[in-house]
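the following comprises the amino acid sequence and a computationally predicted model.
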Amino acid sequence: MPVTPSVMRWAVDESGYPLEELAAATGVTSATIESWRAGASQPSLTHLRALASKLKRPLAAFLLPHPPRLPVPALEFRRAPGEQRRHLNPDERRLVRSAARLQRVLSWINRELQRPQVGLPRASIKASAESAAVETRDRLKAAGLDPQSQPSSSAAFQWWRSALEQSGVFVLMLPMGAEACRGFSLWDDDAPLVAVNTAWSAEARTFTLFHEYGHLLTRTNSACLEGTHHRASAQSDAVERWCEQFAAAAILPLADLQQVLSSHGWQRGVTDVGIVVKIAKHFKASLRATTLRLIGLGVAGWELYRSLPPTADRKPSGGGGSGRDRTQVRHDQYGDYAMKLFAAALQREVVSGGDVLDYLDLSPQALAAGGGVESVTAESE
């Protein structure tokens, strides 16, 4: 197959896979893959199909005369102290590319519909994370509802997700796996986006949601890994520390937390994980977020953080959510805001049915039936 060497290098290098793994999946040797990259030889159709399948690229992409001139997301990989991994893994790279591609079209649709830019405030990590959290809660709770009044942690997360989407932020829910990053953020003036890993509990997702929102506020595009290694001290990446403090303060507001601590006599210090569990349950917060908040207030120490079970924030096993059709799955993944925006763009003929099928893997009929375009259409008029 006539594959241009630069295209082969682009596809292989962008994937993040080691040559040995690509060779095993393709049925050739590592030296053969390297030969394709150098242009010394070319793959057969069978081998190219196997390689395209492994890389999750369309076969046609390998027949381009040169690599696509698409902007690479300027995203920084951030990890907790003690974590050895320093780069995104292949699955994370693929999901970031997919999210960036979706973001580009969502940004373009917003401009074509002449919708105003989001106008998300900008914060500095030198400023108070507490003040930023108070401002954010006030802005998101303008609808008059209280997420703490929601019947479950899952309902509270969905409330916050909806509130962020109403403020103009796209919130993706992606099945990234327990070993992947908790989430990532991508800034754009017309389509700021955060992605949350579905491998974690509803409480942990809420923390990730606000953590990545903090990255949007500070305009620091990031993919954030939090593994099983607990930090040995409070010292870490300054941006990560600010976003952690911001997220914990947003989920556990100061006055409410102080009232809970005072009413139980816990304001003198918390050293028992059992108490953390009670506080976390009250605020529908994760154990990690709650402990970080207590540490920030001087009520607990880092030894309490290190005593948390490594799997404390993992999603409970069981459940599966069977019976959902493709439209419902895409709605869960891409969010109400994205689906409504595509539906409005389809109605206004800004995008075609083929575009909907390409970007959402949905038929235009399915999108029109469940998109609910009214609110987005009204805002664009």
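Received the coordinates, thanks. Residues are numbered from 1 along each chain as shown.

so which residues of the protein form strands?
For the chain, the strands defined by DSSP state E cover 76-79, 170-174, 183-186, 193-197, 222-225.

rounded mean pLDDT for the last one, please.
By that I understand strand 222-225. The average pLDDT within strand 222-225 is 84.

likewise for the first one?
For strand 76-79, the mean pLDDT works out to 75.

distance to A123 and mean neighbour count for the strands of the chain - can I get that in JSON lines?
(Each C-beta comes from the backbone N, C-alpha and C, glycine too.) Putting the strands of the chain into JSON lines (distance: least, C-beta to C-beta, whole Å; neighbours: other C-beta atoms under 10 Å) gives the following:
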{"stretch": "strand 76-79", "distance to A123": "17", "mean neighbour count": "18"}
{"stretch": "strand 170-174", "distance to A123": "19", "mean neighbour count": "22"}
{"stretch": "strand 183-186", "distance to A123": "13", "mean neighbour count": "29"}
{"stretch": "strand 193-197", "distance to A123": "15", "mean neighbour count": "25"}
{"stretch": "strand 222-225", "distance to A123": "14", "mean neighbour count": "24"}
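
need those in TSV (columns: distance to Q158).
Formatted as TSV, the strands of the chain follow (distance: least, C-beta to C-beta, whole Å):
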stretch	distance to Q158
strand 76-79	26
strand 170-174	10
strand 183-186	16
strand 193-197	12
strand 222-225	21
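
wait, which of the ones you listed is closest to G27?
Distance to G27, taken as C-beta to C-beta, is lowest for strand 170-174 among the strands of the chain, at 30.0 Å.

residues in contact with that closest one?
With contact meaning C-beta atoms under 8 Å, 6 or more residues apart in numbering, strand 170-174 is reached by 95, 99, 102-103, 106, 161, 164-165, 191-198, 205, 209, 332-335, 337-338.

ok so, going back, which of the strands of the chain sits closest to M1?
strand 170-174 (31.9 Å).

between strand 193-197 and the closest one, find me the angle.
If you take axes from the mean of the first three to the mean of the last three C-alpha atoms, to 10 degrees, strand 170-174 sits at 20 degrees to strand 193-197.

strand 170-174 pairs with which strands?
strand 193-197 (parallel) (DSSP bridges).

how about low-confidence regions in the stretch 151-300 of the chain?
Across the stretch 151-300 of the chain, the ranges flagged by pLDDT under 70 are 226-236.

helices of that one, start to end?
With helices called from DSSP state H, counting those that start in this stretch, the stretch 151-300 of the chain shows them at 153-166, 202-217, 238-251, 254-264, 273-283, 287-296.

would you turn these into JSON lines with distance to P175?
Formatted as JSON lines, these follow (distance: least, C-beta to C-beta, whole Å):
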{"stretch": "helix 153-166", "distance to P175": "16"}
{"stretch": "helix 202-217", "distance to P175": "12"}
{"stretch": "helix 238-251", "distance to P175": "22"}
{"stretch": "helix 254-264", "distance to P175": "32"}
{"stretch": "helix 273-283", "distance to P175": "25"}
{"stretch": "helix 287-296", "distance to P175": "21"}
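
which of those sits most buried?
Most buried of the helices of the stretch 151-300 of the chain by mean neighbour count (mean count of other C-beta atoms under 10 Å) is helix 202-217; its value is a mean of 27.

name the helices or strands packed onto that helix?
Here helix 202-217 is seen to pack against helix 129-140, helix 153-166, strand 183-186, strand 193-197, strand 222-225, helix 238-251, helix 287-296 when contacts are counted using 3 or more C-beta pairs under 8 Å, 6 or more residues apart in numbering; DSSP states H and E.
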